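> Pasting the sequence and the predicted model now:
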Amino acid sequence: MKFKPETFLSSEAIVSAVLDYFNEKHPLSSPWQLQRPPTVVPKPWSTLYFLNLEAEQQQRHLVVKIMRFPDQATAAVSYQSEELLIRGQREYESLLRVYQHFLQQDDPHLRAVYPEAYLPDINALIMDFVPGQPLYDNNLSPRHLLSRQGMNEAMSMLQRCGKWLRWLHELPVDDAPADRCFGPVDSLAILLEHVRQLRAWGVELESWPLWQPTLAALQQVNDNHYVWVHGDLHARNFFLLPDQSVVSMDTALDRLDSPYYDLGKLVADLRSRRARLLSLATFPTPGMIDMLSQAFLAGYFAGGLADPVLLALYEGRFLLQKWLESLQALQQAFSGRRTAWRVPVQRYIVNPAFYRIMTSWMVKINKTLD
């Protein structure tokens, strides 16, 4: 359904709808009230409203998520879009399943966000506010990794994140619809499509000496183990809470896939964060990235070993996606009067960083074949 932006609901209207819900579903002798004006944070696919409610010395700290499209000039009325209504309802149902699932495990350091309600009248997902910081800002920033205990702390947290993901992947899959089931063949097709699209940017992976044996290895990959995947697992979607527990956001669970979908995406994210691209993929060093990745995988596999080629398939898919997205972002950022800057940035920063990352990726795959 094509969505045409219209006048956006005011913050007052959103707050009013949330208060109406609480006064109906959680009635007290005095009505719930807003403690202070909401904080509004726009995101590419949503707008977040942070609300603090109070009634009879009880408090609720909430995040209200209003769905939107990335190409909207303003956070327009999303409840008039059938696609966004489906997205909102699906995310609420997924978050509720995840929350209930995490109540069944006994590790207090593995947490899930509680979704209070979904209000279709304004397409709003109401969630408990989690007072944490993104793992990337806390443990994976260059400054932290250079501190005395930085690497050890980062590895410890990534190991915990691996455990969190392993439990997520234990969700039952019996009721999964067929149109949401994917696998390695689908990701290989997407990887090859990224390779094709990169040609338009002057990147010819097929000409690299290691490409053909790499492709031959990836074409042999198969995996019959399917799980509900997180789908958007990266370092900024893992949050570290004050008690050192971890939680991951945006678990919409849109698809069934190999568990390596999530594993590969996080490893690819560690290798291609913006700060690392700006260092031409030299810091954190490849050795540090390997240690961080292995800590995450050790937490997931609990002493077992990952399938290196299956991991490489999904890792490569998301690395190439990041390369393509980086080039597209450059084109948008350096337009108009700034066009002349695009080619130097692409030639001397983005492409060299990804050449180094992708060469290392191919070497690693071919070493597993020796």
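Alright, I've got the coordinates.

> Run through the strands of the stretch 101-250 of the chain in chain order.
Secondary structure of the stretch 101-250 of the chain (DSSP state E, counting those that start in this stretch): strands at 115-119, 124-128, 133-134, 227-228, 238-240, 246-248.

> Kindly provide the distance from the residue most central in space within the chain to residue 327.
Against the mean C-alpha coordinate of the chain, by C-alpha atoms, centre = their mean, the closest residue is residue 232 at 2.9 Å. Noted for residue 232: a distance of 21 Å to residue 327, by C-beta to C-beta, to the nearest Å. In short, each C-beta sits where N, CA and C put it, glycine included.

> still on that earlier bit, the strands of the stretch 101-250 of the chain: which one's closest to residue 65?
Nearest of those to residue 65, taken as C-beta to C-beta: strand 124-128 at 4.3 Å.

> who does that closest one touch, helix- and strand-wise?
The helices and strands touching strand 124-128, judged by 3 or more C-beta pairs under 8 Å, 6 or more residues apart in numbering; DSSP states H and E, are helix 11-25, strand 58-67, helix 82-102, strand 115-119.

> ok so, going back, excluding its backbone neighbours, what's nearest the residue nearest to the centre of the chain?
Closest residue in space to residue 232, ignoring its immediate chain neighbours: residue 250 at 5.2 Å, by C-beta to C-beta, 6 or more residues apart in numbering.

> Can you report how many residues lie near that neighbour?
20 (other C-beta atoms under 10 Å).

> Now do the contacts for it.
Applying C-beta atoms under 8 Å, 6 or more residues apart in numbering to residue 250 gives the contacts 230, 231, 232, 237.

> mind putting those in a markdown table, pLDDT included?
Formatted as a markdown table, those follow (pLDDT from 0 to 100):
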| residue | pLDDT |
| --- | --- |
| 230 | 95 |
| 231 | 92 |
| 232 | 92 |
| 237 | 92 |
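
> If we go by neighbour counts, what in stretch 114-134 is buried?
Buried positions in stretch 114-134, judged by neighbour count with 16 or more other C-beta atoms under 10 Å: 114-119, 122-127, 130, 132, 134.

> now swap in stretch 329-342 and tell me
So, applying 16+ other C-beta under 10 Å, buried residues of stretch 329-342: 330, 334, 342.

> thinking again about what came up before, now for the contacts of residue 250: which two are most distant?
231 and 237 (9.8 Å).

> Phi and psi next, for residue 54.
Torsion angles at residue 54 (phi, psi; degrees, to the nearest 10) stand at phi -150, psi 140.

> May I have the beta-bridge partners of it?
Assessed by DSSP bridges, residue 54 has beta-bridge partners residue 33, residue 59.

> pLDDT value on it, please?
Looking at residue 54, its pLDDT stands at 97.

> what do you get for residue 241?
Looking at residue 241, the pLDDT reads 94.

> where's the dip in pLDDT among the buried residues of stretch 329-342?
residue 334 (86).

> just checking, that one touches residue 344?
No: using C-beta atoms under 8 Å as the test, residue 334 is too far from residue 344 to be in contact (9.4 Å).

> still on that earlier bit, please convert the buried residues of stretch 329-342 to JSON lines, extending it with distance to residue 55 and secondary structure.
What follows is the buried residues of stretch 329-342, written out as JSON lines (distance: C-beta to C-beta, whole Å; DSSP: H, G, I helix; E, B strand; the rest coil):
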{"residue": "330", "distance to residue 55": "50", "secondary structure": "helix"}
{"residue": "334", "distance to residue 55": "51", "secondary structure": "coil"}
{"residue": "342", "distance to residue 55": "54", "secondary structure": "helix"}
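
> Which one (most neighbours) among the contacts of residue 250?
residue 230 (28 neighbours).

> Just list the residues touching that residue, thanks.
By C-beta under 8 Å, 6+ apart, the neighbours of residue 230 are 165, 168, 237, 248, 250, 251, 253, 262.

> now swap in residue 117 and tell me
So residue 117 contacts 21, 25, 92, 126 (C-beta under 8 Å, 6+ apart).

> Which among the residues you listed count as buried?
Buried among the contacts of residue 117 by 16+ other C-beta under 10 Å: 21, 92, 126.

> which parts of stretch 93-113 are buried?
Applying 16+ other C-beta under 10 Å to stretch 93-113 flags 94, 95, 96, 97, 98, 99, 101, 102, 110, 111, 112, 113 as buried.

> Let's have those residues in JSON lines, adding pLDDT.
Shown next, in JSON lines, are the buried residues of stretch 93-113 (pLDDT from 0 to 100):
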{"residue": "94", "pLDDT": "91"}
{"residue": "95", "pLDDT": "94"}
{"residue": "96", "pLDDT": "95"}
{"residue": "97", "pLDDT": "93"}
{"residue": "98", "pLDDT": "95"}
{"residue": "99", "pLDDT": "96"}
{"residue": "101", "pLDDT": "97"}
{"residue": "102", "pLDDT": "97"}
{"residue": "110", "pLDDT": "97"}
{"residue": "111", "pLDDT": "96"}
{"residue": "112", "pLDDT": "96"}
{"residue": "113", "pLDDT": "95"}
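
> ok, of the residues you listed, which one's closest to residue 311?
Using C-beta to C-beta, these come closest to residue 311 at residue 110, 22.4 Å.
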